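Chemist: can't give you the sequence, but here's the structure:
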């Protein structure tokens, strides 16, 4: 393909349309347009058109050369083609990243650098990486690289609700990008919109649920519209009163009520009862539009769209997929993150590719079915088999980068991952009640739960974060509060009213009063586990601390049809190792001793205990001699809770119970944050216990901090505690 010197007659010329960033050449009578060419009108004539983005520019130019071996090209078209041909070499040499590699907080692995370099060259790309390869970290590295190279980098991140907190945590951990969340009820979303409008940001993180305005006329919209009427409200109030649509009390309340949360709720109830034709349509439509998530995202000035867990967008009929497609079309760059987009069905590739770009395969579902599916002769909606899959692969492959853990030779043999979940409002309310200094007991399901001992507080908080709480209907439970033998009973695992109870020994049968369980309505941990098991088909070990956790996980596995064995089953190891249909090995952490489970490549810690030894033992069950695959370990934790503190200690190779007994003074001390700021160590000069060092070592007390607590400098207790552990290492 040579450069055009003059305008020859009847000779096809490849040209560049800068305005639309596309290449084109005149239509010369060819029957069908091969991929990625589309037939369109350019300057009043029919022409074949294709994108000037890489790799479409290379693929389209090759088709042009194949159709017209003697075809010519303008200088601009030649330069675009040459630049596209050089991309593979640039990716291999890290041409764009090499000069700026020092901007990253944590040194990346080779496979991560390769993926970021590809993102710099590809404006549309599906990134399919197995869990443990760092999709979130790679995305943040790419955004930092965009910023450093002067490429527009403002990003909208769309993710499942279950990984929302994980994104926020990792942005602060791995980058200096300014992140703002968009999530919550209508009032919270209004605050988010104001924060986004009034501040400089690098990325906005939201969830799939926020894309769809499920309730167009909720109470908040009614209240907002009503308040916006101002003094003219009186006209409507008097009119409704005359027509007997509201009574005297409601008339007085609407005229004189104060703008409180209860007032807004009462107003909404009244307005919903009023016939729609008697309401001020203009104001209500305006309020509805102002509170519309869809309108907000359409007007958000972002340059990059990132869709995490893009496998949720494979249904071409769903409203969610349609909205993501619209948002992707507005973005200069669009990236889909997932473990896999296609699970055995080639049709799963249609919608993700359409989201990336409409010219990758085809824009029409019927056309896709015609090309690649064989439908039932009696029902065109039933697909019997597939055809032309080699052609589909040829079109799709250039827009996908896929990596497995085994392909990433630079990866450590064992990868540790923290999976953050967001506690429900019910969890947060109960947790903060437990954490309160003045709380000696609470009532759960109308049953008394003793919290007088610090260790009991911790235990109940840990149970709560797993979605349940043990309680006892024993009539002697209140007497324990004042019993002098309470601490010995706790150490001996004695329960009040049973034979092991010191005070009431023998008063009642030992099995009369059993532990009962209060289950929370919603359990985000179970949802996260369900997500992980659906995303991958690899064999998995699940360790949990409580028996109730085991039962909840069993219920999930049964409902999902996933075969499993329990550590208490006979021949459980052989069944798990030899039967390929058994995907999950389930057990309590203390049962993970003396067995080999090398067929598993993933270990999940659903909940955590205080003992270090069971964790160390259980973690090595699939990391023994004979393991040839890289393994991944996931810890489920709620940020800024006792769960995160316990995991910090276990990672620090510290037994939690021993730590509570020996180092507890700092955690319970009111001066803890001040000491951390001034770098005053435990029992060092400046410590409040410095003058009484011998007694301070023996103190046993613990204060749970409420979720969301921050000190004057904006640090959470977990962040200060991390500094505290670092100071212990320095000592």
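Modeler: Nice, thanks for sending it over. Being a predicted model, the structure only gives us computed values, none of them experimental.
Chemist: does residue 382 touch residue 373 like I think?
Modeler: No - with contact defined as Cβ atoms under 8 Å, residue 382 does not count as touching residue 373 (9.9 Å). C-beta coordinates here come from the backbone N, C-alpha and C atoms, glycine included.
Chemist: give me the more crowded residue out of these two.
Modeler: Taking neighbours as other Cβ atoms under 10 Å, residue 382 and residue 373 compare with residue 373 leading, 17 against 10.
Chemist: what's opposite that one in the beta bridge?
Modeler: Residue 373 forms beta bridges with residue 386, as assigned by DSSP bridges.
Chemist: I'd guessed it sits against residue 392; true?
Modeler: No - between residue 373 and residue 392 there is no contact under Cβ under 8 Å: 10.3 Å.
Chemist: what do the two both touch?
Modeler: Jointly contacting residue 373 and residue 392 under the rule Cβ atoms under 8 Å, 6 or more residues apart in numbering are residue 346.
Chemist: would you list every one of the helices in the stretch 301-450 of the chain?
Modeler: Using DSSP state H, counting those that start in this stretch, the helices of the stretch 301-450 of the chain run over 319-330, 350-356, 365-372, 389-396, 425-435.
Chemist: need those in a markdown table (columns: mean neighbour count).
Modeler: Converted to a markdown table, the helices of the stretch 301-450 of the chain look like this (neighbours: other Cβ atoms under 10 Å):
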| stretch | mean neighbour count |
| --- | --- |
| helix 319-330 | 18 |
| helix 350-356 | 26 |
| helix 365-372 | 15 |
| helix 389-396 | 14 |
| helix 425-435 | 17 |
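Chemist: which one of those helices lies closest to residue 166?
Modeler: Ranking these by proximity to residue 166 (Cβ to Cβ) places helix 425-435 first, at 17.2 Å.
Chemist: packing partners for the closest one?
Modeler: Packing contacts for helix 425-435, counted by 3 or more Cβ pairs under 8 Å, 6 or more residues apart in numbering; DSSP states H and E, involve strand 441-444, helix 454-465.
Chemist: quick check: bridge partners of residue 468?
Modeler: Legend: beta-bridge partners of residue 468 under DSSP bridges are residue 519.
Chemist: from memory it sits against residue 519, does it?
Modeler: Yes - in this structure residue 468 lies within contact range of residue 519 using Cβ under 8 Å: 5.1 Å.
Chemist: out of these two, which sits in the more crowded spot?
Modeler: Set residue 468 next to residue 519 and count neighbours by other Cβ under 10 Å: residue 468 wins out with 19 against 12.
Chemist: list the contacts for that one?
Modeler: 517, 518, 519, 520, 546, 548, 552.
Chemist: state the distance from the second one to residue 434.
Modeler: What that stands for is residue 518. Using Cβ to Cβ, to the nearest Å, residue 518 is found at 13 Å from residue 434.
Chemist: try residue 107
Modeler: Computed as Cβ to Cβ, the residue 107 to residue 434 distance reads 41 Å.
Chemist: count of residues packed around the closest residue in space to residue 339 that isn't next to it in sequence?
Modeler: Distances taken as Cβ to Cβ, 6 or more residues apart in numbering place residue 535 nearest to residue 339, at 4.8 Å, with adjacent residues excluded. For residue 535, the neighbour count with other Cβ under 10 Å is 16.
Chemist: which residues touch residue 535?
Modeler: Per Cβ under 8 Å, 6+ apart, neighbours of residue 535: 131, 309, 311, 339, 340.
Chemist: which of the three states applies to residue 249?
Modeler: At residue 249 the chain is in helix, as set by DSSP: H, G, I helix; E, B strand; the rest coil.
Chemist: residues contacting residue 424?
Modeler: Residues counted as contacts of residue 424 (Cβ under 8 Å, 6+ apart) are 520, 521, 522, 524.
Chemist: tell me if residue 541 really is in a strand.
Modeler: Yes - under three-state DSSP, residue 541 sits within a strand.
Chemist: shouldn't it be in contact with residue 601?
Modeler: No - look at residue 541 against residue 601 with Cβ under 8 Å: they stay out of range, at 9.5 Å.
Chemist: and the two? Which one has more around it.
Modeler: Using other Cβ under 10 Å, the more surrounded residue of residue 541 and residue 601 is residue 541, with 26 against 22.
Chemist: one step back: dump the helices and strands packed on helix 425-435 to CSV, plus mean pLDDT.
Modeler: Listed next are those as CSV, based on pLDDT from 0 to 100:
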stretch, mean pLDDT
strand 441-444, 80
helix 454-465, 85
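Chemist: tell me which of the ones you listed approaches residue 414 most closely.
Modeler: Between the helices and strands packed on helix 425-435, helix 454-465 lies closest to residue 414; by Cβ to Cβ that is 25.3 Å.
Chemist: centre of the chain to the closest one, how far?
Modeler: 26 Å (Cα atoms, centre = their mean, to the nearest Å).
Chemist: so what does that helix touch, helix or strand wise?
Modeler: In terms of contacts (3+ Cβ pairs under 8 Å, 6+ apart), helix 454-465 is packed against helix 425-435, strand 468-472, helix 642-651, helix 656-662.
Chemist: if we use 7 Å, what do you get?
Modeler: When contacts are defined as 3 or more Cβ pairs under 7 Å, 6 or more residues apart in numbering; DSSP states H and E, helix 454-465 packs onto helix 425-435, strand 468-472, helix 642-651.
Chemist: pull out the buried positions in it.
Modeler: Within helix 454-465, the residues that count as buried by 16 or more other Cβ atoms under 10 Å are 454, 457, 458, 459, 460, 461, 462, 463, 464, 465.
Chemist: what lies in contact with that helix?
Modeler: Helix 454-465 is contacted from outside by 423, 427, 430-431, 434, 449-451, 469-470, 546, 638, 641-643, 701-702, 704, using Cβ atoms under 7 Å, 6 or more residues apart in numbering.
Chemist: report the buried members of the residues you listed.
Modeler: Neighbour-count burial (16+ other Cβ under 10 Å) applied to the contacts of helix 454-465 gives 423, 427, 430-431, 434, 449-451, 469-470, 546, 638, 641-643, 702, 704.
Chemist: got the domain ranges for the chain?
Modeler: Per automatic domain parsing, the domain ranges recorded for the chain read 2-85, 110-212+300-366, 219-291, 412-473+513-655, 663-730.
Chemist: of those, which is nearest residue 91?
Modeler: Nearest to residue 91, of all the domains of the chain, is domain 110-212+300-366, at 5.0 Å by Cβ to Cβ.
Chemist: how far does the closest one sit from the chain's center?
Modeler: Counting by Cα atoms, centre = their mean, domain 110-212+300-366 is centred 11 Å from the centre of its parent chain.
Chemist: repeat for stretch 57-71
Modeler: Worked out by Cα atoms, centre = their mean, stretch 57-71 lies 43 Å from the chain centre.
Chemist: cool, and stretch 420-434?
Modeler: 18 Å.
Chemist: one more: stretch 99-115?
Modeler: 23 Å.
Chemist: identify the residues contacting it?
Modeler: 91, 94, 97, 127, 133-134, 137-138, 141, 144-145, 148, 174-175, 401, 403, 408, 410-411.
Chemist: narrow the residues you listed to those in helices?
Modeler: Those of the contacts of stretch 99-115 mapping onto helices are 91, 137, 138, 141, 144, 145, 148, 174, per DSSP state H.
Chemist: hang on, the earlier thing: just the buried residues of the contacts of residue 424.
Modeler: 520, 524.
Chemist: which of the contacts of residue 424 sit farthest apart?
Modeler: Greatest spatial distance among the contacts of residue 424 (Cβ to Cβ): 521 and 524, at 11.4 Å.
Chemist: ok, back up a step: of the buried residues of helix 454-465, closest to residue 300?
Modeler: Closest to residue 300, out of all of those and judged by Cβ to Cβ, is residue 465, at 33.6 Å.
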